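A.B. asks: What follows is a predicted structure for the sequence shown.
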Amino acid sequence: MLVIGAGLAGTEAAWQVAQAGVRVRLVEMRPVRRSPAHHSGEFAELVCSNSFGALSSDRAAGLLQEELRRLGSLVIGTADQHAVPAGGALAVDRGRYSAALTAALEAHPLVTVERREQSELPGPNQITVLATGPLTADALAEQLRSFTGRDDCHFFDAASPIVEGESIDLGVAFRASRYDKGDADYINCPMDREQYLAFRTALLEAEQADLKDFEAESAHFFEGCLPIEELARRGEDTMRYGPLKPIGLWDPRWGDVNDREVRRANRAYAVVQLRQEDRDGRLWNLVGFQTNLKWGEQKRVLRLIPGLENAAFVRFGVMHRNTFLESPQLLDATLQFRQRSSLLAAGQITGTEGYAAAVAGGWLAGTNAARLARGLDPITLPPTTMVGALTHFVAEAPCGDGRGKGRFQPMPPNFGLLPDLPERIRDKRRRYGAYRDRALTDLATTLEQQGCAARTSSPHGQV
Ligand SMILES: Cc1cc2nc3c(=O)[nH]c(=O)nc-3n(C[C@H](O)[C@H](O)[C@H](O)COP(=O)(O)OP(=O)(O)OC[C@H]3O[C@@H](n4cnc5c(N)ncnc54)[C@H](O)[C@@H]3O)c2cc1C
């Protein structure tokens, strides 16, 4: 059994394999070969922030952490042991945490650590977990590209922000497709001239995030996908001839939109469109709004768009180097490749985002790799759990033609991924609490059915 990459996902995967009694080789290129973002040779290094996100389990990140605790995650357990005060978040002393994980893996009798770059994808006879992350080394990335097909492997993430559908004001925004073609698939936020100009000014004045050197280099190759603030900079009307084009978008509330006069009299000056991101229509992305603005600035400026005044963001726009697969075309919810069931993928390379989400993928891929080695069927987790929702999302998200329109975008943990509750709960905190209760109950049932032992208490007493 082989695990490639000892990041967040690979460390968890290798541990789960070994704990299941299966011998595993863990291949990590650091420190022999450096990545452009990591600083050490330790496992599961946190490349930027030292936080795994909110601790409380009625928040999406906290629920994911809690599920992972109950699944016996080594990485989250070690994070708990090395936690530092962080005002309601799980943050760690990164040096101690990484050193402890490296020592645990190196000491495990069934784990052999190999410090080298893996340049080739192993053949089908070798059960392998691919966990090389957003900065997968070039030779392996090239191999992946020919294994999956050129269009099924992305190297740069220029993603638009995603908002919760229920936070969009449909008293202002309206559903329609351009020229009424097909179903009313888009949510449209209309602007008058004054609103448009104020929005453009805010975009131009907003603060940008710094691109790292290696990202600026990648961005250079990505001219075809300009950030919205760059479009705004190119001219007063550039956005109105691009993603904010108002032509052919008619609000049925105007009256008879077949009447040319009605259309002419009511036409918006500019329209921001949102496209459905998940199967159930709970998450919507702002079409053509890839951006380099700082996250706080995105929240402030995008809430100037009529209908998005109270938008709840589940993901902000980004433009950065990110190797990830067009997973819905390639993976099952077990994290096995459809074209080669002995090859599994985990972590950011599958299109999840964030530290804890990478650990979740590592847990599932490692568990399933071990099951395959022992002649058992691989498992999935229920989509009502956060781990299950993320893995089902990467396997099943709509991904359009895989290139431009409806392209698959990476996703962090969020409650919008979970199926609706049986009854509607208006109060957000109570609703999130109900999602949590259902997730933990369903997780316990699944573990019982699988005959796995689960830990039931949170070290932080947050449940
Ligand atoms: C600059 C930057 C900043 C980020 N900041 C944050 C943040 O603040 N918070 C957050 O939640 N997420 C952040 N992320 C996303 C973060 O990368 C993921 O959340 C997490 O690290 C993904 O875990 P992973 O295991 O998939 O990949 P990684 O943790 O990157 O692990 C992949 C491992 O594979 C190794 N590897 C790669 N190629 C090979 C090869 N061919 N052979 C052998 N080994 C190989 C790498 O050295 C690395 O150790 C950031 C990403 C980047 C690039």
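C.D. replies: Sure thing, it's come through.

A.B. asks: going forward, measure contacts and count neighbours with C-alpha atoms only.
C.D. replies: Fine.

A.B. asks: Check which residues of stretch 374-393 are buried.
C.D. replies: Residues of stretch 374-393 classed as buried: 378-393 (neighbour count, 16 or more other C-alpha atoms under 10 Å).

A.B. asks: What's the end-to-end length of it?
C.D. replies: Stretch 374-393 has an end-to-end distance of 27 Å (C-alpha to C-alpha, to the nearest Å).

A.B. asks: Quick one: residues contacting the closest residue to T385 other than its chain neighbours.
C.D. replies: Distances taken as C-alpha to C-alpha, 6 or more residues apart in numbering place A439 nearest to T385, at 4.4 Å, with adjacent residues excluded. Neighbour list for A439: 384-386 [criterion: C-alpha atoms under 8 Å, 6 or more residues apart in numbering].

A.B. asks: quick one on the thing from earlier: and the buried residues of stretch 374-393, which is closest to L110?
C.D. replies: Taking C-alpha to C-alpha as the measure, L110 sits nearest to P378 out of the buried residues of stretch 374-393, at 20.9 Å.

A.B. asks: Just the pLDDT at Q462, thanks.
C.D. replies: At Q462 the predicted local distance difference test score is 37.

A.B. asks: Let the chain start at 47 from now.
C.D. replies: Okay, using 47 as the starting number, the last item reads as Q508.

A.B. asks: Please verify my assumption that F362 contacts E210.
C.D. replies: No: no contact is recorded between F362 and E210 when judged using C-alpha atoms under 8 Å, the distance being 11.9 Å.

A.B. asks: before we move on, the earlier item: how close does the residue nearest to T431 sit to the ligand?
C.D. replies: Spatial separation of A485 from the ligand under the definition C-alpha to the nearest ligand atom, to the nearest Å is 22 Å.

A.B. asks: got the contacts of A485 as a markdown table, with secondary structure columns?
C.D. replies: Below are the contacts of A485 laid out as a markdown table (DSSP: H, G, I helix; E, B strand; the rest coil):
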| residue | secondary structure |
| --- | --- |
| T430 | coil |
| T431 | coil |
| M432 | helix |
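
A.B. asks: re the thing from before, chain center to the host helix or strand of the residue nearest to T431: distance?
C.D. replies: Element membership for A485, per DSSP states H and E: helix 474-496. Centre-to-centre, helix 474-496 and its host chain are 21 Å apart (C-alpha atoms, centre = their mean, to the nearest Å).

A.B. asks: how about it as PDB, C-alpha atoms only?
C.D. replies: What follows is the C-alpha trace of helix 474-496 in PDB, where atoms were taken according to Å, rounded to 0.1, in the frame of the first residue of the first chain:
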ATOM      1  CA  LYS A 474     -30.100  29.900  12.100                       C
ATOM      2  CA  ARG A 475     -28.500  28.700  15.300                       C
ATOM      3  CA  ARG A 476     -31.300  26.200  16.000                       C
ATOM      4  CA  ARG A 477     -31.100  25.000  12.400                       C
ATOM      5  CA  TYR A 478     -27.300  24.500  12.500                       C
ATOM      6  CA  GLY A 479     -27.800  22.700  15.900                       C
ATOM      7  CA  ALA A 480     -30.400  20.400  14.200                       C
ATOM      8  CA  TYR A 481     -27.900  19.700  11.300                       C
ATOM      9  CA  ARG A 482     -25.300  18.800  13.900                       C
ATOM     10  CA  ASP A 483     -27.600  16.500  15.900                       C
ATOM     11  CA  ARG A 484     -28.700  14.700  12.700                       C
ATOM     12  CA  ALA A 485     -25.000  14.400  11.500                       C
ATOM     13  CA  LEU A 486     -23.700  12.900  14.700                       C
ATOM     14  CA  THR A 487     -26.600  10.500  15.000                       C
ATOM     15  CA  ASP A 488     -26.200   9.300  11.400                       C
ATOM     16  CA  LEU A 489     -22.500   9.000  11.900                       C
ATOM     17  CA  ALA A 490     -22.900   6.900  15.000                       C
ATOM     18  CA  THR A 491     -25.400   4.600  13.200                       C
ATOM     19  CA  THR A 492     -23.000   4.200  10.300                       C
ATOM     20  CA  LEU A 493     -20.100   3.400  12.500                       C
ATOM     21  CA  GLU A 494     -22.200   0.800  14.400                       C
ATOM     22  CA  GLN A 495     -23.200  -0.800  11.100                       C
ATOM     23  CA  GLN A 496     -19.600  -0.900  10.000                       C
END
